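K.L.:
missing the sequence, but the structure's below:
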């Protein structure tokens with residue numbers, strides 16, 4: 001029965017904005033909101049084991065369906081648990097509203113039990129974080145919070161004391177339409193003319209693409225064809241730009257491979273498209289131009305000759321009439337040859353006798369998973385070595401999605417992200433590439449997956465090691481202290497939770513185990529015992545490269561295998577004569 005509370009008014013406002021679920025942990029100051037969800041049609045409460053998971057799940061849902069996602073945390077610890085996942089959401093540009101309940105309003109400022117100051121706590125996560133201190137402020141503040149999250153897009157936080165949430169509302173819910181902020185950002189004409197001039201005057205041009213090239217694949221390919229440009233990409237840009245790309249030269253950075261670094265450094269002009277790549281040591285320092293819809297990103301990584309505000313697709317369409325074709329394609333052909341050679345040179349080390357090697361090569365597991373997974377799979381990827389496997393082995397096709405903590409870089413994100421992905425895409429296969437280190441951090445979410453019967457395939461790369469940390473320490477000449485631990489049988493843990501589980505120690509069983517798990521319509525965990533020494537050191541590292549992890553670890557990964565990427569590289573050379 002409705003009691004017409006502020007909490008009910010808030011929930012009805014959220015439903016009108018298209019919200020169908022709230023992720024969180026029930027209890028305490030959050031109880032009026034939970035009760036309002038219980039009595040309101042069209043919305044559900046998704047109970048998780050940690051509010052951090054609630055924020056991760058909301059972030060993944062928002063990235064997949066593009067709508068507003070909501071998470072909630074009770075006062076004190078519930079709020080502080082939210083912070084980790086909200087950082088990830090904000091840095092991923094996911095429209096997420098966090099409901100941070102608060103202690104009784106009359107106790108604020110007295111050092112009351114579980115008192116925090118959410119307006120300060122979330123200060124680095126969002127520009128919008130407001131306290132509802134009186135029923136008259138609702139639903140106006142709720143509407144502002146919703147619009148902020150959708151319009152940024154990013155995180156908004158609404159702070160709601162439990163006693164205020166339980167009071168009588170003074171008006172109706174806000175049911176007016178919300179605006180998602182999807183308007184096209186067109187570049188200024190002068191900027192387009194100047195960009196065209198610089199491209200036309202450069203003998204060689206390289207394109208480097210980030211997540212901002214989403215929806216601009218055709219325009220990027222058309223430009224690359226016209227100016228004979230190699231095309232590289234970031235990890236976040238991979239899913240939008242690498243497929244059907246005859247100009248692909250791979251990635252740069254800690255997870256990079258191929259000839260992308262050479263292309264960017266050697267080109268007369270480098271064009272950054274929808275790219276905010278943070279590892280500036282890998283980027284050229286001269287003759288760089290950048291296109292991005294967010295002017296705050298222009299020039300914050302390297303000095304620019306020109307910054308253009310605009311959506312990538314819109315900018316390239318405006319640029320099309322002014323760019324002259326380049327007749328000389330020798331630079332492109334040379335880089336494509338080097339790209340293919342770079343991959344061919346190292347791939348044998350990661351494929352030779354691989355079906356008989358124990359512990360199992362993680363590369364082999366990732367390559368088999370890539371081959372077996374459906375074409376519209378949503379992959380969620382733990383930070384660490386699993387990012388490496390995703391970068392090298394998950395083949396984009398324009399339909400697959402790869403969600404990870406690629407800008408915040410937190411551990412333990414893959415399974416919580418998979419929870420949100422499973423709700424956002426119930427008709428698609430969701431696969432979590434979980435490291436044993438990340439999975440063990442939020443292990444209780446296996447209970448969440450089982451409780452809600454989410455048909456997630458959780459593939460655990462179980463190497464009994466914090467693999468990326470181990471690599472970092474070795475590159476810096478340190479012994480890998482405290483990175484390794486005693487083996488854990490995660491299959492038995494999953495079975496104890498009530499899930500179906502498969503443990504794989506023999507590489508000959510990998511394919512059948514993954515095929516069975518992917519075919520199931522129930523939660524399945526595949527616990528694969530993998531080799532912690534999968535990444536060998538490069539044969540030669542210069543003194544300068546050892547001085548810092550950013551370059552030396554990047555070079556280490558650069559020498560690794562890249563799965564099906566070598567097939568793409570070779571196919572791109574079919575019509576190019578070898579010297």
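P.N.:
On my side now, so go ahead. Because the structure is predicted, anything quoted here is derived from the model rather than measured.
K.L.:
from here on, contacts and neighbour counts on C-alpha atoms
P.N.:
Fine.
K.L.:
count the neighbours of residue 153 for me.
P.N.:
Neighbours of residue 153 under the rule other CA atoms under 10 Å: 23.
K.L.:
grab the nearest non-local neighbour of it.
P.N.:
residue 95 (4.9 Å; CA to CA, 6 or more residues apart in numbering).
K.L.:
so that neighbour is in contact with residue 56, correct?
P.N.:
No - using CA atoms under 8 Å, residue 95 makes no contact with residue 56, being 11.9 Å away.
K.L.:
those two: who's more crowded?
P.N.:
residue 56 (33 against 30).
K.L.:
quick one: residues contacting the more buried one.
P.N.:
85, 86, 88, 89, 413, 416, 417, 420 (CA atoms under 8 Å, 6 or more residues apart in numbering).
K.L.:
which is the next helix or strand following the helix ranked longest in the chain?
P.N.:
Counting by DSSP state H, the longest helix found in the chain is helix 330-347. Next along the chain after helix 330-347, taking DSSP states H and E as the criterion, comes helix 362-372.
K.L.:
tell me what that next one is packed against?
P.N.:
Here helix 362-372 is seen to pack against helix 385-393, helix 510-519 when contacts are counted using 3 or more CA pairs under 8 Å, 6 or more residues apart in numbering; DSSP states H and E.
K.L.:
pick out the shakiest of the ones you listed, pLDDT-wise.
P.N.:
When the helices and strands packed on helix 362-372 are compared on average pLDDT, helix 385-393 comes out lowest at a mean of 87.
K.L.:
quick one: buried residues of it?
P.N.:
By 16 or more other CA atoms under 10 Å, the buried positions in helix 385-393 come out as 385, 386, 387, 388, 389, 390, 391, 392, 393.
K.L.:
what's the answer for stretch 69-87, then?
P.N.:
Buried-residue list, stretch 69-87, by 16+ other CA under 10 Å: 69-76, 78-87.
K.L.:
related to what we said a few turns ago, ranking by neighbours, what's the top pick from the contacts of residue 56?
P.N.:
residue 413 (33 neighbours).
K.L.:
next up, the contacts around the nearest residue to it once chain neighbours are set aside.
P.N.:
Among residues not flanking residue 413 along the chain, residue 382 sits closest, at 5.6 Å (CA to CA, 6+ apart). Residue 382 makes contacts with 404, 405, 411, 412, 413, 414, 432, 433, 434, 435, 438, as judged by CA under 8 Å, 6+ apart.
K.L.:
ok, residue 82 - contacts?
P.N.:
Counting by CA under 8 Å, 6+ apart, the residues that residue 82 touches are 51, 52, 53, 54, 55, 72, 73.
K.L.:
and those residues, which is closest to residue 374?
P.N.:
If you rank these by distance to residue 374 using CA to CA, residue 53 comes first, at 25.9 Å.
K.L.:
now the closest one: closest residue in space that isn't a chain neighbour?
P.N.:
Nearest to residue 53 is residue 416, by CA to CA, 6+ apart, at 5.0 Å.
K.L.:
name the element the one you found belongs to?
P.N.:
helix 414-424.
K.L.:
could you pull out the buried residues of that helix?
P.N.:
Buried-residue list, helix 414-424, by 16+ other CA under 10 Å: 414, 415, 416, 417, 418, 419, 420, 421, 422, 423, 424.
K.L.:
what is it packed up against?
P.N.:
helix 51-65, strand 378-381, strand 401-404, strand 430-435, helix 436-441, helix 445-451, strand 456-462.
K.L.:
mind redoing it with 7 Å?
P.N.:
helix 51-65, strand 378-381, strand 430-435 (3 or more CA pairs under 7 Å, 6 or more residues apart in numbering; DSSP states H and E).
K.L.:
need these in JSON lines (columns: mean pLDDT and distance to residue 208).
P.N.:
Shown next, in JSON lines, are the helices and strands packed on helix 414-424 (pLDDT from 0 to 100; distance: least, CA to CA, whole Å):
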{"stretch": "helix 51-65", "mean pLDDT": "98", "distance to residue 208": "22"}
{"stretch": "strand 378-381", "mean pLDDT": "98", "distance to residue 208": "23"}
{"stretch": "strand 430-435", "mean pLDDT": "97", "distance to residue 208": "27"}
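K.L.:
tabulate these (JSON lines), appending distance to residue 514.
P.N.:
JSON lines is the format used below for the helices and strands packed on helix 414-424 (distance: least, CA to CA, whole Å):
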{"stretch": "helix 51-65", "distance to residue 514": "23"}
{"stretch": "strand 378-381", "distance to residue 514": "14"}
{"stretch": "strand 430-435", "distance to residue 514": "11"}
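K.L.:
and the contacts of stretch 452-464?
P.N.:
Residues from elsewhere that reach stretch 452-464 (CA atoms under 7 Å, 6 or more residues apart in numbering): 362, 422, 430-436, 484-487, 517-518, 521-532.
K.L.:
run the last query once more with 6 Å
P.N.:
430-436, 484-485, 487, 521-532 (CA atoms under 6 Å, 6 or more residues apart in numbering).
K.L.:
and these, which of them are buried?
P.N.:
Using 16+ other CA under 10 Å, the buried ones in the contacts of stretch 452-464 are 430-436, 484, 522-532.
K.L.:
take the helices and strands packed on helix 362-372 and write them to CSV, including distance to residue 35.
P.N.:
Output for these, formatted as CSV (distance: least, CA to CA, whole Å):
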stretch, distance to residue 35
helix 385-393, 39
helix 510-519, 37
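K.L.:
can you say which of those is nearest to residue 47?
P.N.:
Once the helices and strands packed on helix 362-372 are compared by CA to CA, helix 510-519 is nearest, at 24.8 Å.
K.L.:
after the closest one, next one along is what?
P.N.:
Counting by DSSP H and E, what follows helix 510-519 is strand 524-529.
K.L.:
off-centre distance for that following strand?
P.N.:
22 Å (CA atoms, centre = their mean, to the nearest Å).
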